[in-house]
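Engineer: Here is my input, please return the structure:
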Amino acid sequence: MTDRVDVIVIGGGHNGLVCASYLAAAGRKVLVLEARDRVGGAALTEEFHPGFRNSVYSYSISLLHPKVMADLDLAAHGLEVLERPAGTLSMLDGDHLQLTRDDRQVHEELARFSRRDAERIGAFEAEIGEVAMALRALAMEAPPNFGGGWRDALALLKGGNALRKLSSKHQMVLGELMTRSLGDHLDAWFESEALKGLFGFEGIIGNFRDPYDAGTAYVLLHHAFGEVNGKAGAWGIARGGMGAISDAMAAAARARGVRIETGAPVAKILVENGAACGVLTEDGREYRAPAIAANVHPQLLLTRLLDAQTLEPDDRRRIDAYRSHSATLRMNVALSELPRFTTMQGRDDFHFLGAIEFSPSLGYLQDAYRDARDLGWARRPVISMQIPTTQDDSLAPPGGHVASLFCQHFNRHLPDGRSWDDVREQVADVVIDTIDAHAPNFRASVVGRQIKTPLDIERDLGMIGGDIFHGALHLDQFYSLRPIPGHAGYRMPTKGVYLCGSGAHPGGGVSGLPGHNAARVILRDH
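Structural biologist: This is a model prediction of the structure:
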């Protein structure tokens, strides 16, 4: 007998679980179908070496929206967020730049490099924060479609009202950040290469671009949306790894009556008379529902789960050309001891309670991009390291540690037709050597490692090109243009099909907002 529900959610990643919870809270009968043997998608914790566990893909919390956390009561379902109090340690050649959350320390540290930069840093961060908070309001609403009806006109009005709350000065700043290059914007503020390299990293996270390409300054805003435990701009980790977020979300969904089936990959969305009517799983099971919410990559949705031949020619051309290449490589390493950074000898271990970054200048970022574009990967990669076991000792045996390594740039397309499977160990050695140059005990301390190349990320999670954001966050794939013009408000070309994943507004990161916003649209329509 065919199983019938009100809404089927394809994909049990965090956005799918959020969408399902909101729908169930409104009284809908909801079924989540997850292809893998566990929910979570990129928010996953697993043992990668005997006795060592870590977040496999996503590894930090900041963008997870406080409204989503409160509405789903994630704390009551076991989620504990630990703030990373130490700020950022940026490794330089023969030196370092350490910025904590202490304003006096920041001023004194920056003055070692530039007194002018030390005086300007406060104004820079205040300006970014003010504009980011205005855009954060837009992130909570469905964007308008070009040439749409009254709903789109209303969405446009709401967006205009949010931006009108900015002062005229900050409206000008927004215009600059949406059009300017990251490099030009930082050059206009600062003179220290070390500081520009540190902020430059924020602009190339999952963003395969030269820092002097127009429009790259916007990503500074995207990563300033967040907060941890009520502290704006702070970053944290989940006790037990990012899988704890997914576990709490799944518990919240089940408590509201959501049915979750794992090991249930969907082969196609069923369509009758031009509207969705259900799905067919790869093992031949059929489920019926008038609404389908897809927490999958938009190219996967529109060209595989749906019949691409039914798309309008312009829509087909645009989705085929959708850029999906965050150029990200993820590694998790099991350590017998903490790294001993040469320039940090004689200091306490406070810096391990924050991010440790290898992004010493904008020139370094440019070299990493050009290497990956021409050779396949950066010879000196950009790396962000976190060691969560300095706060959560449940992840490793006594005396051991795990490190999360988030690395740029690694092109999805390698030259000469090579496969990432052929070079994964070689490239992982490049990452290890980059860190070892600053902490000479690092290589010897690695007792196990997990490598996730762009190809692994695509195969594991269905993220085309290994793009952690389900599509590049460039201005022509942003807001009313995401994923493609005409279908930015979560409604897809086939009636009854909705996109609720990171390929929809406001984009990638563990925020829960695409799932939250898509649920509101589905409830309005059904």
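
Engineer: show me where pLDDT drops low in the protein?
Structural biologist: Where the chain drops to pLDDT under 70, the residues are 1-2, 147-150, 152-163, 223, 225-228, 230-233.

Engineer: which residues sit against the longest helix along the chain?
Structural biologist: In the chain, with assignment by DSSP state H, the single longest helix is helix 115-139. Identification of contacts with helix 115-139 by Cβ atoms under 8 Å, 6 or more residues apart in numbering yields 65, 103, 106-108, 110-111, 159, 162-163, 165-166, 170, 173-174, 177, 189-192, 195, 220-221, 224-225, 232-233, 479, 505-506, 511, 513. C-betas here are computed from N, CA, C, even on glycine.

Engineer: Check stretch 360-367 too.
Structural biologist: 90-93, 182-183, 186-187, 193-194, 196-197, 200-201, 204, 210-212, 359, 378-380, 382.

Engineer: circling back to that earlier point, only the buried members of the contacts of helix 115-139: can you turn that into a ChimeraX selection?
Structural biologist: In ChimeraX syntax, the buried subset of these is picked out as below (16 or more other Cβ atoms under 10 Å):
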select :65,106,110,159,162,163,166,170,173,174,177,189,190,192,195,220,221,224,225,233,479,505,506,511,513
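
Engineer: Touching, Asp349 and Gln391? I think so.
Structural biologist: No: in this structure, Asp349 is not within contact of Gln391 by Cβ atoms under 8 Å, at 11.4 Å.

Engineer: picking up where we left off before, tell me which entries of the contacts of helix 115-139 lie within helices.
Structural biologist: 103, 106-108, 110-111, 159, 162-163, 170, 173-174, 177, 189, 195, 220-221, 513.

Engineer: re the thing from before, from the contacts of stretch 360-367, list the buried ones, please.
Structural biologist: Looks like the contacts of stretch 360-367 have 90-92, 182-183, 186, 193-194, 196-197, 200-201, 204, 210-212, 359, 378, 382 buried, using 16+ other Cβ under 10 Å.

Engineer: could you pull out the helices for the stretch 251-400 of the chain?
Structural biologist: Ranges of helices in the stretch 251-400 of the chain, per DSSP state H, counting those that start in this stretch, are 298-300, 313-320, 362-375.

Engineer: Pairing partners for the helix or strand that contains Ala403, with directions?
Structural biologist: Using DSSP states H and E, Ala403 maps to strand 401-410. Here strand 401-410 has these sheet partners by DSSP bridges: strand 328-335 (antiparallel), strand 377-386 (antiparallel).

Engineer: Identify whichever of those strands lies nearest to Gly486.
Structural biologist: With Cβ to Cβ, the closest approach to Gly486 among those belongs to strand 328-335: 28.9 Å.

Engineer: Not counting residues beside it along the chain, what's closest to Ala264?
Structural biologist: Leu33 (4.4 Å; Cβ to Cβ, 6 or more residues apart in numbering).

Engineer: quick one: contacts for that neighbour?
Structural biologist: Neighbours of Leu33 in contact, by Cβ under 8 Å, 6+ apart: Ile8, Val9, Ile10, Gly11, Gly12, Glu261, Ala264, Pro265, Val266, Val279, Thr281, Tyr287.

Engineer: Can you give me the neighbour number for the closest residue to the last one other than its chain neighbours?
Structural biologist: The spatially closest residue to Tyr287, leaving aside those adjacent along the chain, is Asp3, at 4.7 Å (Cβ to Cβ, 6+ apart). For Asp3, the number of neighbouring residues by other Cβ atoms under 10 Å comes to 14.

Engineer: Pretty sure Asp3 sits against Ala289.
Structural biologist: No: the pair Asp3 / Ala289 is not scored as a contact, 9.0 Å apart, by Cβ under 8 Å.

Engineer: Quick check: neighbours shared by those two?
Structural biologist: Leu31.

Engineer: circling back to that earlier point, which one of the contacts of Leu33 sits closest to Cys500?
Structural biologist: So of the contacts of Leu33, ranked by how close each gets to Cys500 (Cβ to Cβ), first place is Val9, at 7.2 Å.

Engineer: Now do the helix or strand hosting the closest one: distance to the chain's middle.
Structural biologist: Element membership for Val9, per DSSP H and E: strand 7-10. Remark: strand 7-10 is offset 22 Å from the chain centroid, using Cα atoms, centre = their mean, to the nearest Å.

Engineer: Using CSV, list the CA coordinates for that strand.
Structural biologist: Provided in CSV are the C-alpha atoms of strand 7-10 (Å, rounded to 0.1, in the frame of the first residue of the first chain):
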residue,chain,number,x,y,z
VAL,A,7,5.1,16.7,3.2
ILE,A,8,8.1,14.6,2.2
VAL,A,9,11.5,16.0,3.1
ILE,A,10,14.3,14.6,0.9
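
Engineer: who touches that strand?
Structural biologist: 16, 19-20, 23, 28-33, 266, 269, 278-279, 287, 289, 291-296, 305, 500, 522, 526.

Engineer: That strand pairs with which strands?
Structural biologist: strand 30-33 (parallel), strand 291-294 (parallel).

Engineer: Show the subsequent helix or strand relative to that strand.
Structural biologist: Immediately after strand 7-10, counting by DSSP H and E, sits helix 14-25.

Engineer: What residues sit buried inside that next one?
Structural biologist: His14, Asn15, Gly16, Leu17, Val18, Cys19, Ala20, Ser21, Tyr22, Leu23, Ala24, Ala25.
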